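Enquirer: Predicted model and sequence follow; I will ask about them next.
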Amino acid sequence: MAPGGVLTPHDGRTYNYAPVNYIQTPYERTNVFAHLNYEIFDGVQLAAEIRWNDRSSAQELAPQPYNSPTDPAYDGVFNGTAYSGISEQNYYLRQSIDAYNAANPGAPLAYEPVRDARRRMVETTRRFEQEVDQTQINISLSGDFNDIAWNVYFNRGFRDRTDLDFGQFSGPQLSNAMGPSADLDGDGMPECYQDVADPSSIISGCVPLNFFGGAGAVTQDMIDYVAIDLVDTFEQEQYQYGFSFSGNAFELPGGPMGWAVGYEYRKEDLTYSPDSGKQLDAVTGNTGAGTTGSYKSDSLYAEAFLPLFDNGSQSLDITAGVRWDDFDTFGDDTTYQLGIEFRPLETLKLRATVGEVFRAPSIYESFGGQVDSFPTYLDPCAQTPLPAGCAQASVQLDTQVLARVGGNPDLVPEEGDTLTAGVVWTPDFDFGDFSVVVDYWENELEGRISSLGVNYILNDCYENQNAPACALIQRRADYSIASIQNAPLNVAQSDAAGVDLEIKTAFSTDIGDFEAELLWARFLDFDRRAFPGDDASDQVGRYNGSAFAEDKINYTIAWRRGDWTVSYLGEYISELEADVSFLPVTQDIDDQLYHDLTVIYQLGDTGFRFSGGVTNVTDEEPPYIDFGFNASTDPSTYRLFGRGYYFRVTWSQE
């Protein structure tokens, strides 16, 4: 048993949790699929399929970062003031104070409770396991009647999931173990008491927790007393059916007018039941309420295709569609889409589409219970100079902050307008095939459903002095941040625009066939206004928890000859800018370029195919992002592993 350690001032260092976390998630998955096509009688087809999926997966994170301002602790009263932390009568705290006073006789410490107890519980690990069972059944009937095609379908889905959390601690046991304790019987092993002055108040089975002995001071007996395993369950159901009819109405100069109409009914149910300890905030880790919700919708749609002109070389087509959606939770709305496609030359096509969008909030967005999240953050009131919106200077004690996320019952559907316009050029070159596609797109969403992010909320409050943003922040008496409300909102407006370029070519030579492709997506604009009247925040080229690179380019060159294919793939991501923890500066994140090589051999007509390759040939490491939470980078954008190799054998027979 390690004694309480000597108290020393904090030197500013923090725990490096990244090496302990799983980067690649282990999982086992079993899939079963069956499909049936059967002609019941002439002109009527039955299609049915069933899919079953079972998945077992796990993640491991760094040991629990215990933090008494947010995690359960001993609740006591000292000199008439209530506190939550470690009792001044705790055996190991008193040992540490005694050791400090012996080393510093000129400036002794008094026996006082620890109100802000923080410790990384390095003697144990946190592990999360999931068991997921999912079934999907689809049945449809289709046929023709008097030149009208019809289809009737039914879809039923079930999903059950059980989550297990290991490495968390029980609130009642923590309260006992962090409360009064002493070695009243003199055997060298302290016991927990309700009152150390009353030996009869001993708490049976309790093992006092040593927060002060350094790494290894928390023994297995201590862990066993406070540890608790948590079980969460999820249940989802989907019920959907509908029908559609399509056909041709009358002749137009360019051909027959096509039409389609349809109806769809959809019902979604979701129940999330977290462990009772989480619901009562009686355990460490991410706690919060469960979720129960459902919605039903009826939808009607109609579409038309009007070929206004076609002489074989030039053509003009118009498409139109209208859709009506009625949700039992939000009411109804009607949207439209109108498109035009004009071919002035046989090798040139111009196209454009305008329309409206309508999206109702999901069950989680509307009905999700408020739960904990711990994103990285930068407190403006802990910076110099102090922003005008700060009432006083604050101290930021950690890189992460407690954020309450979940549903928002006040959400309404998001609505907006979209526009796409583009050119398709397919010249007739002698050397082979060649095509260029350029598309410009933009969308304007009113009431876009989005979580603002804790840093946006903090800056909007203290830099812009926006009162609605400040209402989402709770601070403690010492002005440190207690929590931030980061539930989804109908943000005032979101405007985005970009250009997509695609170039393809294919040609044959004496040494083989070549293909090349270039895909370039350029983000021109992504402005977001969180509240009416708020200044626009441009996200292009920024990392704020998600990466919005200005340019992403993928290009491929492939060579084929006989049964052999050799391919090269390049992937480019442009540079980004991100905030830096604890500092009012930004970090420049370099652009990235990845290279992959693949070789494929098709073994004649046997159906066997052998493929192998090298990924990330130049062994590029993911960029370090100070504000990145997972592995101090962005796993959704960058490759976490260096150079990789693979070999694969597949067989198929028709």
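Expert: Nice, I can see it.

Enquirer: what about stretch 120-133, how long is it end to end?
Expert: Terminal residues of stretch 120-133 are spaced 35 Å apart (Cα to Cα, to the nearest Å).

Enquirer: so when I look at I457, I'm seeing a helix, right?
Expert: Yes. Counting by DSSP: H, G, I helix; E, B strand; the rest coil, I457 is part of a helix.

Enquirer: Go ahead and confirm it touches N486.
Expert: Yes. Contact status for I457 versus N486: in contact at 6.9 Å, counting by Cβ atoms under 8 Å. Placement of C-beta: from N, CA and C, glycine included.

Enquirer: Need the overlap of contacts for those two.
Expert: Taking Cβ atoms under 8 Å, 6 or more residues apart in numbering as the contact rule, I457 and N486 both touch L472.

Enquirer: Pick out whichever of these two has more residues nearby.
Expert: For the pair I457 and N486, the greater number of neighbours falls to I457 (24 against 21), based on other Cβ atoms under 10 Å.

Enquirer: Tell me the spacing between that one and D379.
Expert: 11 Å (Cβ to Cβ, to the nearest Å).

Enquirer: From W441, how far out is F342?
Expert: Distance, F342 to W441, by Cβ to Cβ: 18 Å.

Enquirer: Over to D551?
Expert: Taking Cβ to Cβ, one finds D551 at 15 Å from W441.

Enquirer: Likewise for C206?
Expert: Taking Cβ to Cβ as the measure, C206 falls 63 Å from W441.

Enquirer: Can you pick out the residue with more neighbours from these two?
Expert: Taking neighbours as other Cβ under 10 Å, C206 and W441 compare with C206 leading, 19 against 16.

Enquirer: residues in contact with the more buried one?
Expert: C206 makes contact with Q173, N176, A177, E191, C192, Y225, according to Cβ under 8 Å, 6+ apart.

Enquirer: Tell me which stretches of the stretch 451-600 of the chain form helices.
Expert: Assigned by DSSP state H, counting those that start in this stretch, the stretch 451-600 of the chain shows helices spanning 454-462, 467-470.

Enquirer: which of these sits most buried?
Expert: Counting by mean count of other Cβ atoms under 10 Å, helix 454-462 has the highest mean neighbour count of these, with a mean of 23.

Enquirer: Which positions within the longest helix along the chain qualify as buried?
Expert: Secondary structure of the chain per DSSP state H: the longest helix is helix 91-103. By neighbour count on 16 or more other Cβ atoms under 10 Å, the buried set for helix 91-103 is Y91, Y92, L93, R94, Q95, S96, I97, D98, A99, Y100, N101.

Enquirer: The very next helix or strand once past it - which strands sit beside it in the sheet, and in what orientation?
Expert: Using DSSP states H and E, the next helix or strand after helix 91-103 towards the C-terminus is strand 118-120. Next to strand 118-120 in the sheet, as set by DSSP bridges, lie strand 65-67 (antiparallel).

Enquirer: now what about the partner strand, what contacts it?
Expert: Y15, Y17, A117, R118, R119, R120, M121, F169, T284, D398, Q400.

Enquirer: Buried members of these into ChimeraX, please.
Expert: In ChimeraX syntax, the buried subset of the contacts of strand 65-67 is picked out as below (16+ other Cβ under 10 Å):
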select :17,117,118,119,120,121,169,284,398,400
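
Enquirer: closest to S297 among the contacts of strand 65-67?
Expert: Q400 (38.1 Å; Cβ to Cβ).

Enquirer: circling back: now pLDDT and distance to E129 too, for the contacts of strand 65-67, in a markdown table please.
Expert: Output for the contacts of strand 65-67, formatted as a markdown table (pLDDT from 0 to 100; distance: Cβ to Cβ, whole Å):
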| residue | pLDDT | distance to E129 |
| --- | --- | --- |
| Y15 | 77 | 24 |
| Y17 | 76 | 20 |
| A117 | 89 | 29 |
| R118 | 87 | 27 |
| R119 | 90 | 25 |
| R120 | 90 | 22 |
| M121 | 92 | 19 |
| F169 | 97 | 18 |
| T284 | 94 | 18 |
| D398 | 78 | 27 |
| Q400 | 84 | 23 |
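
Enquirer: Now distance to S537 too, for the contacts of strand 65-67, in a markdown table please.
Expert: Listed next are these as a markdown table, based on distance: Cβ to Cβ, whole Å:
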| residue | distance to S537 |
| --- | --- |
| Y15 | 32 |
| Y17 | 29 |
| A117 | 37 |
| R118 | 33 |
| R119 | 37 |
| R120 | 34 |
| M121 | 38 |
| F169 | 39 |
| T284 | 35 |
| D398 | 25 |
| Q400 | 22 |
